[in-house]
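1. here is the input, now give the coordinates:
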Amino acid sequence: MNLLVIQLFCSDFRYVLTKQYRKMKFAPNEHVLRVALLVFSICFGVLSICLIALGIVYIDELGWPRRYIGLDFLELPTLIIILGGLSLVLAVVGCICAKSFNKPFYVFFGTTLCIVLCLELAIGIIAFKNSGESRRNQTQTLIEAQYRNSSFQDYFHTIEEHFHCCGVTGEEKKCLKTVPAMITLPGCASTINDKLDNASYRIGYSAVFLLFLQALEIGCVFSICFLMSMHS
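-> Sure, this is the predicted structure:
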């Protein structure tokens, strides 16, 4: 009888110790994850404002050589502004979510982040697809065709004025009238290609960086969901 009582007492004692150990083990981890989620949300708020500014800048920059680029590349600044707006909203929701204990709210927030992650991936693919030698050759071919077409001469002169370039390669005799003879300007093909490569790399790397941070935030959100399930 005494042996049975001792065994029951020991089993209850082990149960209490295990329960306390789980509380000690998981509570600090959940607190750290909530703090991390709050930090990620604040970072996303700052980055989203930068993305909106970047999109506004490149709407004007890509508007000038719009005849020499694909429609998908031309729409990149608009997609960046949309992504920045969504990220700003999600940053505010993330700050609220960091203090919430509603599990369905976390699941909905994490699912929304995954959808926005797909948008970031699409922007990165479009940006990097429109960089490199293939796109440069295509752009130069379009510039050469327009340079030879007399109906586009007025538009081409505005391109020369805006980008401070001359002709296609810079070796043509026909150039801006206001340029002194001793000044040599680069060709419009290389100038525009450099501008487009700069835009594609900036937008692409920005999308990849945001994608990496958002993947970590998604991990934090679903980790908190898992810990909440363990506590319930």
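2. ok now do C220, which residues does it touch?
-> For C220, the contacting residues are L33, A36, L37, F40, by Cβ atoms under 8 Å, 6 or more residues apart in numbering. For every residue, glycine as well, the C-beta is placed using N, CA and C.
3. if you set the cut-off to 10 Å instead, what comes out?
-> Contacts for C220 were tallied using Cβ atoms under 10 Å, 6 or more residues apart in numbering; they are 32-41, 94, 97-98, 106, 110, 113.
4. ditto for I80
-> 51-59, 123, 127, 202-203, 206-207.
5. next one: the residue most central in space within the chain from N193, what distance?
-> Residue closest to the average C-alpha location in the chain (Cα atoms, centre = their mean): A207, at 2.3 Å. Here A207 is placed at a distance of 21 Å from N193 (Cβ to Cβ, to the nearest Å).
6. swap in I159?
-> Per Cβ to Cβ, I159 is found 13 Å from N193.
7. next one: H157
-> In this view, H157 and N193 are 19 Å apart by Cβ to Cβ.
8. for ChimeraX, what selects the buried ones among the contacts of C220?
-> Buried residues among these (16 or more other Cβ atoms under 10 Å), as a ChimeraX selection:
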select :33,34,36,37,38,40,41,94,97,98,106,110,113
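9. of the contacts of C220, closest to S223?
-> L33 (5.5 Å; Cβ to Cβ).
10. just confirm the closest one contacts A98, I think it does.
-> Yes: using Cβ atoms under 10 Å, L33 is in contact with A98, at 9.0 Å.
11. between those two, which contacts overlap?
-> When contacts are counted by Cβ under 10 Å, 6+ apart, L33 and A98 have C220, V221, I224 as shared neighbours.
12. now the element after the helix or strand of the chain with the lowest mean pLDDT, going C-ward?
-> Least confident helix or strand of the chain, by mean pLDDT, DSSP states H and E, is helix 2-61 with a mean of 69. Using DSSP states H and E, the next helix or strand after helix 2-61 towards the C-terminus is helix 71-74.
13. just how off-centre is that following helix within its chain?
-> Relative to its chain's centre, helix 71-74 lies at 17 Å (Cα atoms, centre = their mean, to the nearest Å).
14. alpha carbons of it, as CSV, please.
-> Taking C-alpha atoms only, helix 71-74 is exported to CSV below (Å, rounded to 0.1, in the frame of the first residue of the first chain):
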residue,chain,number,x,y,z
LEU,A,71,5.5,46.0,-71.3
ASP,A,72,6.3,43.8,-68.3
PHE,A,73,9.4,45.8,-67.5
LEU,A,74,7.5,49.1,-68.0
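15. other residues contacting it?
-> Taking Cβ under 10 Å, 6+ apart as the rule, helix 71-74 contacts 58-59, 62-63, 65-67, 79, 122, 125-127, 129-131, 135, 196, 199-200, 203.
16. try stretch 199-207
-> 47, 50-51, 54-55, 57-58, 61-62, 65, 69, 73, 76-77, 79-80, 83-84, 119-132, 135.
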